[in-house]
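Visitor: Next comes the sequence, and after it the predicted model I'd like to discuss.
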Amino acid sequence: DGTDLVCPAGPVSMTAPSHPFGAVFRVRASGSLRWTGLLPALQHASSWVVLVLALSIAALAAWLIGDLQSYADHQRQTQLVLGDIERLAGELRFFELEVRSGWRLDIENMNLTPVLHSLERKLFELERRDDNGDVSFRVREAVQQYTSNFDHYLRLVSGQEHAADEIESWVRERTRPSYQLLVEAVAQASLYFSVQTSRALHWVNVGSKATIAIEALLIGVLALLVHRIRRQEEQHLTAERARSQARFRSLVQNSSDAIEVVDRFGTVVYASDSVQRIVGRPPETSLGRSLFNSVHPEDLEMARERYAEALANPDQVAQAELRIQRADGCWIWIEITAANLLDDPNVEGMVLNFRDISDRKRLEKELRQMALHDPLTGLANRRLFLDLLARALKEGRRHGEPVAVCYLDVDGFKTVNDSLGHQTGDQ
């Protein structure tokens, strides 16, 4: 309300939690009140506004330029259609000249249907592409007039009662002028679509340059804001890093998975407290030991290959399932994941996460046994038999060796099942 606050010493800060920006008021020793938290908040908000504005302008410009480019391509295709119409009309004109010069006398055997059909399809495509409609209408009208005069000319030539003067008069007064009108109509239409294409490409060029200029200006403003924000945030990195390390230690110590960090040669340099729950020995006893000391001999080669893959591919996470020996001497199955963080200055090692999956392995083994074996006798069932038979046949064909199948049956066993029941037969 304008009242001065008296401070005996020094600047004092107090927060205003009700304000959406979490602004900080600073009371100076002179008694004046200064709002210091609004500027960083406005800088953050401004950077987002500039970024959203830049992206919006880029998206809008890309859409407009793409639309104009599509429109220009559309007009180019229309010009190609006009060229096809002019070419087909020229073929009719060539037929006319052949008849007049006497090169083609078999008028009755002339097959102009494909040319006329192609001409009609091109006219229909031109009408579909012409948004205005007037240009395609004038071209169609000129084409129809010329084809009508050309058809009448062929009828005059094929008829015996018509004199040469009458035929020449029709050509001079009707056929030739209508063809010239057709050529002029196609030329005017092509010029119209060429102008439309040029305009569209002009605006594409103008829009691209304007977009680049605006984007450059916005990027400069955004870079300045980001630089200011980054300089302010760097002051909080040290405290945030300390809190993150403390939080990480708490998570690792209470995690259900065991975590170990090994160096490039596989020597353990860190072990979490949960290692004792899985391997049965204190985590400090693992330090300095080789990662491969407790791996089962049958899995040792595979473990070394996976570790080599993790070393060679830092951007990938290697996974494996293998057996290790507990402190009491028994073997357990573990699922292990290796992440290569040797280049990370905060870790400088290979991070291994592993957990005990012995129960899952036992269950999988039981499920495989149930799926491929008869529950009564323990022998292979039909599915396993067919799989083994297919493998034997494949090996036999590969090595050129025959494969034999021995079939054993118990005579009269059906009578036992039918008379005494399947339970007695099973026994």
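Guide: That came through fine. Note that this is a predicted model, so its numbers are computed, not measured.
Visitor: Could you use CA atoms for every contact and neighbour count after this?
Guide: OK.
Visitor: Could you count how many residues lie near Ser136?
Guide: Applying other C-alpha atoms under 10 Å, we find 23 residues neighbouring Ser136.
Visitor: With Thr337 instead?
Guide: By other C-alpha under 10 Å, 18 other residues sit near Thr337.
Visitor: can you tell me the helix or strand for it?
Guide: If you go by DSSP states H and E, Thr337 is part of strand 331-341.
Visitor: which strands and helices sit next to the very next helix or strand once past that strand?
Guide: For strand 331-341, the succeeding helix or strand toward the C-terminus, using DSSP H and E, is strand 349-356. For strand 349-356, the packing partners by 3 or more C-alpha pairs under 8 Å, 6 or more residues apart in numbering; DSSP states H and E come out as strand 258-262, strand 331-341.
Visitor: tell me the mean pLDDT over the last one?
Guide: When the per-residue pLDDT values of strand 331-341 are averaged, the result is 90.
Visitor: do stretch 136-154 as well
Guide: In this model, stretch 136-154 has a mean pLDDT of 78.
Visitor: Just the buried residues of it, please?
Guide: Neighbour-count burial for stretch 136-154, counted by 16 or more other C-alpha atoms under 10 Å, picks out 136-140, 142-143, 145-147, 149-150, 152-154.
Visitor: returning to what we had before: neighbouring strands of the strand holding Thr337 in the sheet, and parallel or not?
Guide: strand 317-325 (antiparallel), strand 349-356 (antiparallel) (DSSP bridges).
Visitor: will you turn the ones you listed into JSON lines that also has mean pLDDT, distance to Leu376 and mean neighbour count?
Guide: Converted to JSON lines, the strands paired with strand 331-341 look like this (pLDDT from 0 to 100; distance: least, C-alpha to C-alpha, whole Å; neighbours: other C-alpha atoms under 10 Å):
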{"stretch": "strand 317-325", "mean pLDDT": "89", "distance to Leu376": "31", "mean neighbour count": "18"}
{"stretch": "strand 349-356", "mean pLDDT": "89", "distance to Leu376": "32", "mean neighbour count": "21"}
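Visitor: In TSV: those strands, plus distance to Arg391.
Guide: Formatted as TSV, the entries for the strands paired with strand 331-341 read as follows, by distance: least, C-alpha to C-alpha, whole Å:
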stretch	distance to Arg391
strand 317-325	27
strand 349-356	34
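Visitor: do you know which of the ones you listed lies nearest Arg241?
Guide: For the strands paired with strand 331-341, proximity to Arg241 was assessed by C-alpha to C-alpha; strand 349-356 is nearest, at 19.1 Å.
Visitor: which residues touch that closest one?
Guide: 256-264, 278, 332-343 (C-alpha atoms under 8 Å, 6 or more residues apart in numbering).
Visitor: So which residues of the stretch 201-350 of the chain form helices?
Guide: Counting by DSSP state H, counting those that start in this stretch, the stretch 201-350 of the chain has helices at residues 237-253, 275-279, 297-312.
Visitor: Ranking those by mean neighbour count, which comes first?
Guide: For the helices of the stretch 201-350 of the chain, the largest average neighbour count (mean count of other C-alpha atoms under 10 Å) is found in helix 275-279, namely a mean of 19.
Visitor: re earlier: widest-spaced pair of the buried residues of stretch 136-154?
Guide: The span of the buried residues of stretch 136-154, defined through C-alpha to C-alpha, is set by Ser136 and Leu154 at 26.7 Å.
Visitor: give the contact list for Arg281.
Guide: Shown in contact with Arg281 (C-alpha under 8 Å, 6+ apart): 275, 326-327.
Visitor: Any chance of these in TSV with distance to Val317 and pLDDT as columns?
Guide: Shown next, in TSV, are the contacts of Arg281 (distance: C-alpha to C-alpha, whole Å; pLDDT from 0 to 100):
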residue	distance to Val317	pLDDT
Val275	21	85
Arg326	25	89
Ala327	28	87
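Visitor: Name the helix or strand for the residue positioned nearest the centre of the chain, please.
Guide: Centroid check for the chain by C-alpha atoms, centre = their mean gives Ala59 as the closest residue, at 18.8 Å. Element membership of Ala59, judged by DSSP H and E, is helix 38-101.
Visitor: Which neighbouring elements make contact with that helix?
Guide: For helix 38-101, the packing partners by 3+ C-alpha pairs under 8 Å, 6+ apart come out as helix 113-129, helix 134-158, helix 176-233.
Visitor: Deepest in the core, which of those is it.
Guide: Highest mean neighbour count among these (mean count of other C-alpha under 10 Å): helix 134-158, with a mean of 18.
Visitor: angle of that helix against helix 38-101?
Guide: Relative orientation of helix 134-158 and helix 38-101, computed by axes from the mean of the first three to the mean of the last three C-alpha atoms, to 10 degrees: 10 degrees.
Visitor: Could you point out the helix or strand that follows helix 134-158?
Guide: Once helix 134-158 ends, the next helix or strand along the chain (criterion: DSSP H and E) is helix 164-170.
Visitor: Start and end of stretch 263-274, how far apart?
Guide: Stretch 263-274 has its terminal residues 20 Å apart, counting by C-alpha to C-alpha, to the nearest Å.
Visitor: In it, which residues are buried?
Guide: Buried, per 16+ other C-alpha under 10 Å, within stretch 263-274: 263, 266-274.
Visitor: Skipping adjacent residues, who's closest to Asp299 in space?
Guide: Nearest residue to Asp299, sequence neighbours excluded (C-alpha to C-alpha, 6 or more residues apart in numbering): Leu322, at 6.0 Å.
Visitor: same question, Pro402
Guide: Per C-alpha to C-alpha, 6+ apart, closest to Pro402 is Gly396, 5.8 Å.
Visitor: Point me to the helix or strand that includes that neighbour.
Guide: With DSSP H and E as criterion, Gly396 is part of helix 382-399.
Visitor: Next up, the contacts around Gly266.
Guide: Gly266 neighbours (C-alpha under 8 Å, 6+ apart): 290-292.
Visitor: quick one: pLDDT of Ser18?
Guide: 41.
Visitor: now do Arg281
Guide: pLDDT, Arg281: 86.
Visitor: Kindly export stretch 311-323 (C-alpha atoms) in PDB.
Guide: These are the backbone C-alpha positions of stretch 311-323, laid out as PDB (Å, rounded to 0.1, in the frame of the first residue of the first chain):
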ATOM      1  CA  LEU A 311      32.600 -52.700 -24.200                       C
ATOM      2  CA  ALA A 312      32.400 -52.400 -28.000                       C
ATOM      3  CA  ASN A 313      28.900 -50.900 -28.100                       C
ATOM      4  CA  PRO A 314      28.600 -48.100 -25.400                       C
ATOM      5  CA  ASP A 315      25.200 -47.000 -26.700                       C
ATOM      6  CA  GLN A 316      23.600 -50.400 -26.300                       C
ATOM      7  CA  VAL A 317      22.600 -52.400 -23.200                       C
ATOM      8  CA  ALA A 318      23.800 -56.000 -23.100                       C
ATOM      9  CA  GLN A 319      21.600 -58.700 -21.400                       C
ATOM     10  CA  ALA A 320      22.300 -62.300 -20.500                       C
ATOM     11  CA  GLU A 321      21.000 -65.100 -18.300                       C
ATOM     12  CA  LEU A 322      23.700 -67.200 -16.600                       C
ATOM     13  CA  ARG A 323      24.600 -69.200 -13.500                       C
END
